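**Student:** Based on what follows, work out the 3D shape:
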Amino acid sequence: MSQTAIEKIRGDVEEVLKDSAQLLAPLKGEKILITGGTGFVGTWLVETLAALNDQLGYGVKIQLLAKHASQLKARAPHLAGRKDVSLVDKDVKDIIEIDGDITYVIHAAANPDNRLHASDPLRVMGVVSKGTESALAAASRLSGLKKFMNISSGLIYGPQPLALEALPETYSGGPDCASIMSVYAESKRFAETLCAVHRNQYKMPVVTARPFAFIGPYQLLDKPWAVNNFINDALRGGPINILGDEKTVRSYMYPSDMAFWLLRILAAGESGRAYNVGSPCGVTLKELADKIASNFTPQPEVTLASKSFKPQHRSRFVPDVKEAETALGLKIKVGIDEAVKKTLLWHKAADKV
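**Tutor:** A predicted model of the protein is given here:
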């Protein structure tokens, strides 16, 4: 990654922290363990914590646990080489104990790639269910634990009714448990139940975050999501191909907002509560493709799939975030147009190594 790309990320983090860093004050001087800490979510959390340490002297110690944690040295060497960051190469399912001075745990180990859900569903279920159980068991032995945050998923709600504007945390839907493509969502539902059991039986302070969809740096363009495909198409000169229903609605949060929201939930979220993490501003796939195309000269063509090519399946996936806004004082600082622009600039800079 180029130095310019690194500087763009730091600038994004500092922009979100401006006038809001005090909301993360409870994390000063703490030691935080992040399982799955070298993935998309974990890397952005480290970027934000590193900025708090560098700019405001928060003195947070960060431990990243992942099956191949050392890969961070190639992906983000500016983070892996920091004195306040330590790496632990371990499968989350094999955790027996963790450092006794850890005060916060963020459990983010899981793979949301639906190609893996279809090709190796047992592995997906094992990582989520057994990994969560191991992480909870190890955290329960920490005498100084202040909060365990489980990173769940907005997918636990199941299909969003098209007539429902946004999904609140109280929505009681669910995925189709007979579908192989529900293994991730069902595993996350089970993981939330495990957390509830540990909170009730062992009095553990557990809070849950339910992420929705994101757009931004560190998100690999080979992931099987529309926004990644659109960006990849545009960077290659187009056309931008919409393979599904162009009126399908999604919302996208920029990861600097995402990381700040997660850390705020960790710092001040109420034990036993769940908080949606995402943008409440929905866009259709056609609108999203057009927004991406508008950042290029000449603009790449946006093409729609023939209905004979693929059955049209319209869906909606937008969170209601009033709980995070009212209870935790959170808000979106990076809108979708700026998020698209920032993401494209980063990918262009990242390639210039």
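**Student:** what about this protein, any weak spots by pLDDT?
**Tutor:** Flagging of the chain using pLDDT under 70 yields the residue ranges 306-312, 352-353.
**Student:** now the strands: where do they sit in the stretch 201-350 of the chain?
**Tutor:** 206-211, 240-242, 249-250, 274-277, 283-284, 302-304, 316-317 (DSSP state E, counting those that start in this stretch).
**Student:** and those as CSV, adding mean neighbour count and distance to Gly131?
**Tutor:** All C-beta atoms are positioned from the backbone trio N, CA, C, and that covers glycine. CSV is the format used below for these (neighbours: other C-beta atoms under 10 Å; distance: least, C-beta to C-beta, whole Å):
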stretch, mean neighbour count, distance to Gly131
strand 206-211, 24, 15
strand 240-242, 20, 35
strand 249-250, 20, 27
strand 274-277, 24, 19
strand 283-284, 19, 33
strand 302-304, 17, 40
strand 316-317, 20, 25
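**Student:** looking at the ones you listed, which is closest to Gln71?
**Tutor:** strand 206-211 (21.8 Å; C-beta to C-beta).
**Student:** ok, residues contacting that closest one?
**Tutor:** Contacts to strand 206-211, defined as C-beta atoms under 8 Å, 6 or more residues apart in numbering, come from residues 41, 136, 147-154, 156, 169, 192, 195-196, 198-199, 258, 261-262, 265-266, 269-278, 319.
**Student:** hmm, try it at 7 Å
**Tutor:** Strand 206-211 is contacted by residues 147-154, 156, 192, 195, 198-199, 258, 262, 265, 269-271, 273-278 when judged by C-beta atoms under 7 Å, 6 or more residues apart in numbering.
**Student:** okay if I get the strands of the stretch 201-350 of the chain as JSON lines plus distance to Thr48?
**Tutor:** Supplementary listing: those in JSON lines, determined by distance: least, C-beta to C-beta, whole Å:
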{"stretch": "strand 206-211", "distance to Thr48": "14"}
{"stretch": "strand 240-242", "distance to Thr48": "31"}
{"stretch": "strand 249-250", "distance to Thr48": "24"}
{"stretch": "strand 274-277", "distance to Thr48": "14"}
{"stretch": "strand 283-284", "distance to Thr48": "25"}
{"stretch": "strand 302-304", "distance to Thr48": "34"}
{"stretch": "strand 316-317", "distance to Thr48": "25"}
